[in-house]
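A.B. asks: Give me a 3D structure for the following:
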Amino acid sequence: MAWFICVVILLLCSKSEQCTTGNASKLIEHTAAHFFEKMQSGKMYFIYFGKQAKYCTGEKLMKKVYLFRGGNVLKSFDTDTVFDVNAIVSHVLFTVLFDEVRYVHTIAELQSVERAAKGKADIVLGHVQVLGLPEHRALMETAFVYGVKYQFVLTTGGPVLTNMGSDISSLTAGLWFLHCKGASQHSDSCPHTALRRALTTLHIYTFLQLMEAPLSEASVEPSEVNMVHSHLQVPLLFLFSQPHTVALDRVTAQTLAWRLRGQVGLVLIHRSVPAEEVKYLILNNLEEVIDLFRDESTPEEEDDDDNWATLDVLDDEVAESVYRDRAQSLDMDAVTELTADTFHNAVAESDYTVVLFYVKWDAVSMAFMQSYIEVSESLEDADVSDVELAVLDCGEWTDVCSAQKIRSFPTVRLYRPQEPSQPYQGMLGTESLNRFIMLSRLVSPVLLSSPDEVTSFLEGDMYQRHAAIAPVTVLGLFSSTADAGVPVFKEAAKALRGETMVGLFADRQAEIWAVEYSVTLPAILVSRGPTGQTEAHSLNLSMPDQLVTHIQRALLDTFPELTVENLPLYLEVKKKLLLLFVGEEESGRKGNKRVLDDMRSLLNTGLLNPYLPCWIHLGRTPAGKAVLEAYLGFLPLLPALVVSQLATGGEVFHYPTGRPLMVQPILQWLQRVEDGEEPPAGVIVDEKWMPSMPFYDFLSVMDQEVPGYASQRSAKTKTNRIERAEGEKEKSSSGGSPTTKPPQTSHHHSEL
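C.D. replies: Numbers count the residues shown, from 1 in each chain. Below you'll find the model as predicted:
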């Protein structure tokens, strides 16, 4: 073949300094004319283009790989598509053999290739899910060698696989040999043989050799038969024929050879007298012969499935989703990837730096990564320029994560210059993290100087942009800035950044607000928006941590709608849950509103202090349906009212379905529950969450490979520890002043 190929890798850097850090003394600079002259020599060159080269012009040509034939660009690739050696080789060969290897996607396209090949050449059809994989390389290398002899066809899925009798969902790679050379033009389709082994170069070569010699005949002893199958380590099946039945035996041999093609080599031995040393196996029909080779591979496949069954069960839903979406690449350009060299400068230069600490083997980290990138993109769309989102791989930069005391993954922290980092403790979702970042950018506390500013702050007019993400605001009231509680309140407000908006009004006029809400100063006002109520709480706490807890409790709603996000906050109250489940039916909207209003009326009675009244909308929170079914064992008619005593025994009481949900009947029912006159409808058992299957015993596997290896190592380790402990004891009891050493606690890996 009178052509040659030169592959040129073009690495474009975002900064020119990064492109010149190498050893420039070993680089040879070429002009355009000299470069094309060198290309004609047929040698392989690895070439870096400078910023002035024409290949580097334009944003669309960034991060490109160029394939040259002679002095001309044959094709360009994105660097994402040539990610390893297999991808480079397969893409280069696929480009070079573009005219020889046909690509089909539909059955009609395959039938068109078959019609052209009938009576002329056989077809080798290969299937790969994604171009650039090792299977694609094996197929292209085979096409490069056998392209003249066979017609090669490539497909990446679709209806072609269904036409070949394969399952699209389960087949990752496959190969079929279409016997078109001996087929007539009038036949419907070419008969095909499937490769039943992994798609590697060696297996394809063996498979094609078997297609060329399905049946051989010989008149010598089986031990003297020399066939290509012997070198390919393929089973050989010998059929013995007598002179008077040779015609019938040949038909039988041809039928068997066709049924077993690609798996077994078949030889027809002609002899008149049987040899004594040959042990014959007499079978009644051809199916018994075929079953011999089918049964041979079945046990190994079953054992393999059983071996992996336990490991498959151990994967949780998060790991399953990450594995299912493994082919989708993440746009890491939206975030900054930090290293040990860039971490400290990054957090010092930006006003706000949000860092995600993760490890690639953790499924939760990789599942959250997509949400993290979406937050970065949403901040960019909102023109938020003072926040930098970054990631750091703790599997690679362990020293940084150790210095930052990262103990679990994923961990998100917000860094401000010259301040301690602030951990993010919300849900691992886009909306929750975006809310945390936007609220963390606000000054906390907001210093207010007049009653008008106080009113504007409480009603949400001062920060209209943030009113939707922080409908509840907190205002601290003090008589003057000299109050001893003001510094404590400011520290608590800093700790609450990212959770809510906190204001501070320290003036004599605060006493008017205190009288209006019947509290004594210092106090806090909790406003739930212009349409909600404002609650007042007196403060008598001297520590910032205690004040933070007090404010967080005050932020809780008196009759909240439980969601997946806020459920842990309300469970920390440690009260019995008076839980109302309402439906999502359109016709039930008015009924739901009436029931909710009646439940709010119960709060005004002051008789629900032992309970936490709350409700769940099964339409907005579908998980509530599973909770209700777990409580009662069935799904009752909605709305349904239950009392859940999770903190005191786990008993669940169900309000009778036929009774109206009104104030007095509910109070009477609660009194019977307190008096023990109402039987529980169910009990929530406090079960430990254990793995669904036992963990994989790697030590037993080691003992199977090398008997006694694991047990010997364990015994040896234990002996060494005992000897070391005895040595330290003798050393401490000898002369000299004794030294006390703090007890060493084992390091618990919370990420596991």
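
A.B. asks: Okay, strands next: where are they in the stretch 251-400 of the chain?
C.D. replies: Secondary structure of the stretch 251-400 of the chain (DSSP state E, counting those that start in this stretch): strands at 265-270, 336-337, 352-358, 387-393.

A.B. asks: Indicate which one of the ones you listed is closest to Leu577.
C.D. replies: Smallest distance to Leu577 across the strands of the stretch 251-400 of the chain (Cβ to Cβ): 34.4 Å, for strand 352-358. Using the backbone N, CA and C atoms, a C-beta is placed for each residue, glycine as well.

A.B. asks: got the contact list for Asp386?
C.D. replies: Applying Cβ atoms under 8 Å, 6 or more residues apart in numbering to Asp386 gives the contacts 350-352, 441.

A.B. asks: Just give me the residue right at the centre of the chain.
C.D. replies: Val322 (2.1 Å; Cα atoms, centre = their mean).

A.B. asks: I'd say that one and Asp362 touch.
C.D. replies: No: Val322 is beyond contact range of Asp362, at 9.3 Å (criterion: Cβ atoms under 8 Å).

A.B. asks: Mean pLDDT and distance to Val318 added to the strands of the stretch 251-400 of the chain, as JSON lines?
C.D. replies: Output for the strands of the stretch 251-400 of the chain, formatted as JSON lines (pLDDT from 0 to 100; distance: least, Cβ to Cβ, whole Å):
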{"stretch": "strand 265-270", "mean pLDDT": "78", "distance to Val318": "49"}
{"stretch": "strand 336-337", "mean pLDDT": "91", "distance to Val318": "23"}
{"stretch": "strand 352-358", "mean pLDDT": "93", "distance to Val318": "13"}
{"stretch": "strand 387-393", "mean pLDDT": "92", "distance to Val318": "18"}
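
A.B. asks: ranking these by burial, who's on top?
C.D. replies: strand 352-358 (a mean of 24; mean count of other Cβ atoms under 10 Å).

A.B. asks: centre of the chain versus it, how much separation?
C.D. replies: 19 Å (Cα atoms, centre = their mean, to the nearest Å).

A.B. asks: just the CA coordinates of it, formatted as PDB?
C.D. replies: Written as PDB, here are the backbone C-alpha positions of strand 352-358 (Å, rounded to 0.1, in the frame of the first residue of the first chain):
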ATOM      1  CA  TYR A 352     -16.000  33.600  48.400                       C
ATOM      2  CA  THR A 353     -14.600  30.200  47.500                       C
ATOM      3  CA  VAL A 354     -16.700  27.100  47.700                       C
ATOM      4  CA  VAL A 355     -14.700  23.900  47.600                       C
ATOM      5  CA  LEU A 356     -16.100  20.400  47.100                       C
ATOM      6  CA  PHE A 357     -13.800  17.800  48.600                       C
ATOM      7  CA  TYR A 358     -14.500  14.400  47.000                       C
END
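
A.B. asks: Identify the residues contacting it?
C.D. replies: 335, 338, 343, 346-347, 365-366, 368-369, 372, 386-394, 401, 404, 406, 409-416, 424, 437, 440-441.

A.B. asks: If any of these are buried, put those into a PyMOL selection.
C.D. replies: Buried members of the contacts of strand 352-358, defined by 16 or more other Cβ atoms under 10 Å, are picked up in PyMOL with:
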select buried, resi 335+338+343+346+347+365+366+368+369+372+387+388+389+390+391+392+393+394+401+404+406+409+410+411+412+413+414+415+416+424+437+440+441
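
A.B. asks: wait, what's in contact with the residue lying closest to Val220 once chain neighbours are set aside?
C.D. replies: The spatially closest residue to Val220, leaving aside those adjacent along the chain, is Ile269, at 7.7 Å (Cβ to Cβ, 6 or more residues apart in numbering). Contact partners of Ile269, counting by Cβ under 8 Å, 6+ apart, are 217-220, 222, 225, 238-241.

A.B. asks: repeat that with 7 Å
C.D. replies: 218, 222, 238-241 (Cβ atoms under 7 Å, 6 or more residues apart in numbering).

A.B. asks: Lowest-confidence entry in those residues?
C.D. replies: Scanning these for pLDDT, the low point is Pro222. It has 72.

A.B. asks: still on that earlier bit, quick check: which of the strands of the stretch 251-400 of the chain is nearest to Pro487?
C.D. replies: Per Cβ to Cβ, nearest to Pro487 of the strands of the stretch 251-400 of the chain: strand 352-358, 24.2 Å.

A.B. asks: Give the partner strands of the closest one in its sheet and their orientations.
C.D. replies: Counting by DSSP bridges, the strands paired with strand 352-358 are strand 387-393 (parallel), strand 411-415 (antiparallel).

A.B. asks: Distance to Ala121 added to the ones you listed, as TSV?
C.D. replies: TSV is the format used below for the strands paired with strand 352-358 (distance: least, Cβ to Cβ, whole Å):
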stretch	distance to Ala121
strand 387-393	51
strand 411-415	60
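
A.B. asks: Quick one: closest of these to Asp703.
C.D. replies: So among the strands paired with strand 352-358, strand 387-393 is nearest, using Cβ to Cβ, at 34.9 Å.

A.B. asks: Among the contacts of Asp386, which pair sits farthest apart?
C.D. replies: Across the contacts of Asp386 (Cβ to Cβ), the longest gap, 11.9 Å, separates Ser350 and Arg441.

A.B. asks: Is Pro568 within a helix or a strand, and which one?
C.D. replies: According to DSSP states H and E, Pro568 maps onto helix 567-571.

A.B. asks: Can you give the contact residues for that helix?
C.D. replies: Contacts for helix 567-571 (Cβ under 7 Å, 6+ apart): 556, 560, 562, 612, 614.

A.B. asks: before we move on, back to that, roughly how far apart are the residue nearest to Val220 and Val472?
C.D. replies: 91 Å (Cβ to Cβ, to the nearest Å).

A.B. asks: do Val642 as well
C.D. replies: As defined by Cβ to Cβ, Val642 lies at a distance of 27 Å from Val472.

A.B. asks: likewise Arg672?
C.D. replies: 36 Å.

A.B. asks: Looking at the two, which has the bigger crowd around it?
C.D. replies: Comparing Arg672 with Val472 by neighbour count (other Cβ atoms under 10 Å), the higher total belongs to Val472, at 18 against 12.

A.B. asks: Contacts only, for that one.
C.D. replies: 500, 526-528, 555.

A.B. asks: Which ones among these map onto strands?
C.D. replies: 526-527 (DSSP state E).

A.B. asks: quick one, strands of the stretch 401-550 of the chain?
C.D. replies: Counting by DSSP E, counting those that start in this stretch, the strands of the stretch 401-550 of the chain are 411-415, 422-423, 446-448, 473-478, 501-506, 523-527, 534-538.

A.B. asks: Just name the most buried of those strands.
C.D. replies: It is strand 473-478: most buried of the strands of the stretch 401-550 of the chain by mean count of other Cβ under 10 Å, with a mean of 26.

A.B. asks: And the helix or strand encompassing Leu110, how far out from the chain middle?
C.D. replies: Element membership for Leu110, per DSSP H and E: helix 107-117. Centroid separation between helix 107-117 and its chain, computed with Cα atoms, centre = their mean, is 40 Å.

A.B. asks: List the buried residues of that helix.
C.D. replies: Neighbour counts over helix 107-117 (16+ other Cβ under 10 Å) mark 109-110, 113-114, 117 as buried.
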